[in-house]
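Enquirer: Kindly generate the corresponding structure for this input.
(4 chains)
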2 protein chains.
Amino acid sequence: MAADPRVLDELRAAILRGEFAPRQRLVESDLCEAFDASRFAIRAALQALEADGLVERQRNVGARIREISLEEACEITEVRQVVEGLIARRAAERVSDEEATGLEAIGRQMHDAVAAGELALYSDLNARLHSSLRDIARHEKASGIIAQLHGQMVRHQFALSRVPGRSKVSVHQHQAIIDAVVGRDPDGAEAAMRAHIGSVIEALRGIG
Amino acid sequence: MAADPRVLDELRAAILRGEFAPRQRLVESDLCEAFDASRFAIRAALQALEADGLVERQRNVGARIREISLEEACEITEVRQVVEGLIARRAAERVSDEEATGLEAIGRQMHDAVAAGELALYSDLNARLHSSLRDIARHEKASGIIAQLHGQMVRHQFALSRVPGRSKVSVHQHQAIIDAVVGRDPDGAEAAMRAHIGSVIEALRGIG
DNA sequence: ACCAACAATATTGTCGACAATACAGGCACG
DNA sequence: CGTGCCTGTATTGTCGACAATATTGTTGGT
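Expert: I've put the predicted structure just below:
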């Protein structure tokens, strides 16, 4: 089908921005109007998003935004824990001096952001750090799975960022990851990443 | 789209049976005839299989069987290594007495199969062991990812099974996994599974 | 012999129309 | 008043026909 990329991207972005409530029905004709696209393009996009795990479809009933339970969010994060661990390990094995400098810069900015209480900036730096590690690790399959899992977590991710005091804890964990990677310590990097995401899982459980 | 399940399953099974060569073009009209289905159903199935990573498609060009390089196979197995490690850990945490007995039975059958040189039976038991561990761990996300990755590995899996002497090595690794799970030792189970799949990666690299 | 431009063909992409199905509301009946 | 059926409507599923595009083959020139 090769869904029209424009429609697919716009619809995916809309979902990730949280413009639809969980379990909200996605009626094809409505989407046609909203995105000014043919039903054909919409259907193809919906099928692609189903594969991404963002929407679920029942035959002859239609598509709806997938509801991701807290339990499922924990499972997703558990998988992320080990796969990001793999990425951290590989990053520690492959990091160049230049890349190491970049990581340390992110670490300093994170520290400053927390000190200044800049929550949004910190969240952005967090994404940058994980993204940099993926780039350094150069592990396509692992990166792809992380991307897939991340897409399903947006809603809970948002809830997590509003847990007070989390940034103060996680900044140290992030620093530990950076130190281990920069120090070319694969075991340490994996352990630090696991510890970090382990605390994310605990925070998730705490929300429920 | 919700591709006609019959067409999707048959086509997927045909690919997994190796009835198409890597990079072989999948012409829609040919598939229509082969599976006695409409082009519509075929297209939907192809899109689903693209999401599975079994076929790749270029716009206006068509679908072909995805070629999975040895390097990509290694990456896939590296991800499998950590995710199966997670499964083994959870299995050790959650295994019941009854399930433990089942695992030990598989271990004995594996031992016998290797002693008798029954390669096909051993391969079958291998699949049964990993499948049992997934059932015991009850981790849907992890199991789903393993299934996804496994589908992309069929060709290399076949090549692996023909490496002489592998079964004699792996039977001990399998036994170590079983022992750790039955002994309710999560750390040991994860380590044993990682060691096992680590040796699979080495064997894979040896093929090239 | 090689290359470029062009024509012919094969294949996929898109759409509109209709069929099939599920769901909601009303109606008869107990 | 509740229950089961039945009809009407909304929505999705499927198809065939045609348009758009890539690929292949051919021709003419150098």
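Enquirer: helix/strand/coil for the closest residue to residue A:22 other than its chain neighbours?
Expert: Closest residue to residue A:22 apart from its sequence neighbours, by Cβ to Cβ, 6 or more residues apart in numbering or on different chains: residue A:67 at 4.1 Å. Backbone N, C-alpha and C define where each C-beta goes, glycine included. Under the three-state scheme (DSSP: H, G, I helix; E, B strand; the rest coil), residue A:67 adopts coil.
Enquirer: Ramachandran angles for residue A:67?
Expert: phi -90, psi 130 (degrees, to the nearest 10).
Enquirer: close to chain B, is the helix or strand bottoming out on mean pLDDT in chain A?
Expert: Using mean pLDDT, DSSP states H and E, the weakest-scoring helix or strand in chain A turns out to be helix A:154-161, at a mean of 84. No: using Cβ under 8 Å from any Cβ of the partner chain, we find that helix A:154-161 stays clear of chain B, coming within 13.5 Å at best.
Enquirer: can you pull the contacts of the residue nearest in space to the middle of chain A?
Expert: Chain A has residue A:150 as the residue nearest its centroid, 3.0 Å off, counting by Cα atoms, centre = their mean. Counting by Cβ atoms under 8 Å, 6 or more residues apart in numbering or on different chains, residue A:150 touches A:80, A:157.
Enquirer: does it belong to a helix or a strand, and which?
Expert: Using DSSP states H and E, the element containing residue A:150 is helix A:140-151.
Enquirer: Kindly export that helix (C-alpha atoms) in CSV.
Expert: What follows is helix A:140-151 as a C-alpha-only set of coordinates in CSV (Å, rounded to 0.1, in the frame of the first residue of the first chain):
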residue,chain,number,x,y,z
GLU,A,140,19.8,-0.3,13.8
LYS,A,141,17.6,-3.1,15.1
ALA,A,142,17.9,-2.0,18.7
SER,A,143,17.2,1.6,17.8
GLY,A,144,14.2,0.6,15.7
ILE,A,145,12.6,-1.4,18.6
ILE,A,146,13.2,1.5,20.9
ALA,A,147,11.4,3.8,18.5
GLN,A,148,8.5,1.4,18.2
LEU,A,149,8.2,1.1,21.9
HIS,A,150,8.6,4.8,22.5
GLY,A,151,5.7,5.6,20.3
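Enquirer: so it versus helix B:140-151, what angle?
Expert: Put simply, helix A:140-151 runs at 150 degrees to helix B:140-151, going by axes from the mean of the first three to the mean of the last three Cα atoms, to 10 degrees.
Enquirer: May I see the buried residues of helix A:140-151?
Expert: By neighbour count with 16 or more other Cβ atoms under 10 Å in any protein chain shown, helix A:140-151 contains the buried residues A:141, A:142, A:143, A:145, A:146, A:148, A:149.
Enquirer: Specify which member of those residues is nearest to residue B:72.
Expert: residue A:141 (7.1 Å; Cβ to Cβ).
Enquirer: Could you check how far that closest one is from DNA strand D?
Expert: 27 Å (Cβ to the nearest atom of the strand, to the nearest Å).
Enquirer: about what we covered before: and the least confident helix or strand of chain A with helix A:140-151, angle?
Expert: Using the same axes, to 10 degrees: helix A:154-161 against helix A:140-151 is 80 degrees.
Enquirer: Can you give the domain ranges for chain A?
Expert: A:5-65, A:70-207 (automatic domain parsing).
Enquirer: Pick the most buried one from those domains.
Expert: Highest mean neighbour count of these: domain A:70-207, a mean of 18 (counted as mean count of other Cβ atoms under 10 Å in any protein chain shown).
Enquirer: Report the separation between the two terminal residues of that domain.
Expert: Distance between the two ends of domain A:70-207: 9 Å, counting by Cα to Cα, to the nearest Å.
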